[in-house]
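*Asks:* Here is my input, please return the structure:
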Amino acid sequence: MTFLYVIIGLVLIFDFINGFHDSANSIATIVSTKVLSPFNAVLLAAVFNFLAFMVFPLKVAATMGKGIIDPEVVTLTVIAGALVAAITWNLLTWWWGLPSSSSHTLVGGLVGAAIASSGPGSVIAGGVLKIAAFIVIAPLLGMIMSYIISIFVMHLVKRFSPSVIDKHFRRLQILSAAAFSLGHGGNDAQKSMGIIWIALITMGLSSLEESRPDFWVIISCQAAMAFGTLFGGWRIVKTMGQKITKLRSFEGFCAETAGALTLFGATHFGIPVSTTHTITGSIMGVGAIKGLSAVKWGVTRKIFLAWILTIPISAFFGALMFYFFDAIF
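*Replies:* Reported below is the predicted structural model:
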């Protein structure tokens, strides 16, 4: 049981770091447009991160717990290896200021640890491929939706003065940031719930027939993510809010709205997606309205490289960590 408590602790640490790492996704646009101060922005994001469990069904938690690796081969050692790998890569990318995906870090760690433990047959290929496909699909959807929303909004406000537009969209951006934070909490916190759930199943304290994790699992994961969000990942805020493209308030609103809609849809269908990928694509979409030169493609190439490398590097770390824990325990 002691090792189980360690696992639960690691999951909550990962969830905290996830909130810390990904808070930039929720607040970068609203801070860079100076609608809210950094502290008020993270407070808004944290509150809506926490409230997400009241809105969304726990389909993403089920995917993480049962749809990536065969539950029959999961051990606490496998889970520990995956978690340490995910935490390591998250901290490294935070230090480098790269908005990588906490979701894909965790998936990669699980895949690597499972293969090291039981071979490639332990991986549910269909589930992993679906998640990997959304490395491309999620930012593309965000980009297309934000582009369309931006055109629609520009058509609506074309007769108003810039000062009137800015005044109203500064208020609307608070709503769009709250919606994106809600989607972030709904999708990302459920990933950690799924990991604790499968750990409890491994120890015989829950079963595959259960439709959802226990309430204490839900609350603890939502709270850990919200608390992490309060600390904010300021290194990544700068990349997300200024280095990709310069944003005005109505553009921030369009990007956040597109990102929120993409996350709502993915969470509804139980697909673990990256909030980082989603909002990055959305920011690029509004930037492209001003012309391709408005988007700093050199920065986006570095971001894309981090996305592509995340799953394989995390899988490698996951395998190494499995061998380490297996030797100890």
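
*Asks:* Point out where the stretch 101-250 of the chain drops to low pLDDT.
*Replies:* Residues of the stretch 101-250 of the chain meeting the criterion pLDDT under 70: 208, 232-246.

*Asks:* how about the closest residue to residue 316 other than its chain neighbours, what does it touch?
*Replies:* Excluding its sequence neighbours, the residue lying closest to residue 316 (Cβ to Cβ, 6 or more residues apart in numbering) is residue 112, at 5.9 Å. Every C-beta, even on glycine, is put in place using the N, C-alpha and C of the backbone. Applying Cβ atoms under 8 Å, 6 or more residues apart in numbering to residue 112 gives the contacts 81-82, 85, 314-320, 322.

*Asks:* Kindly export the one helix or strand residue 112 maps to (C-alpha atoms) in CSV.
*Replies:* Per DSSP states H and E, residue 112 falls inside helix 102-118. What follows is helix 102-118 as a C-alpha-only set of coordinates in CSV (Å, rounded to 0.1, in the frame of the first residue of the first chain):
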residue,chain,number,x,y,z
SER,A,102,1.6,17.4,-20.7
SER,A,103,-1.0,15.1,-22.2
HIS,A,104,1.4,13.5,-24.7
THR,A,105,4.2,13.4,-22.1
LEU,A,106,2.0,11.2,-19.9
VAL,A,107,0.9,9.1,-22.8
GLY,A,108,4.5,8.6,-24.0
GLY,A,109,5.6,7.7,-20.5
LEU,A,110,2.9,5.1,-20.2
VAL,A,111,3.7,3.6,-23.6
GLY,A,112,7.5,3.4,-22.9
ALA,A,113,7.0,1.9,-19.4
ALA,A,114,4.4,-0.7,-20.7
ILE,A,115,6.7,-1.8,-23.6
ALA,A,116,9.6,-2.2,-21.2
SER,A,117,7.4,-4.2,-18.9
SER,A,118,5.4,-6.4,-21.2
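
*Asks:* next one: that helix to chain centre, how far?
*Replies:* 16 Å (Cα atoms, centre = their mean, to the nearest Å).

*Asks:* same thing with stretch 248-262?
*Replies:* With Cα atoms, centre = their mean, you get 17 Å for stretch 248-262.

*Asks:* what does stretch 267-285 give?
*Replies:* 8 Å.

*Asks:* hang on, the earlier thing: residue 250: which of the contacts of residue 112 is nearest?
*Replies:* Using Cβ to Cβ, residue 314 comes nearest to residue 250 of the contacts of residue 112, at 36.9 Å.
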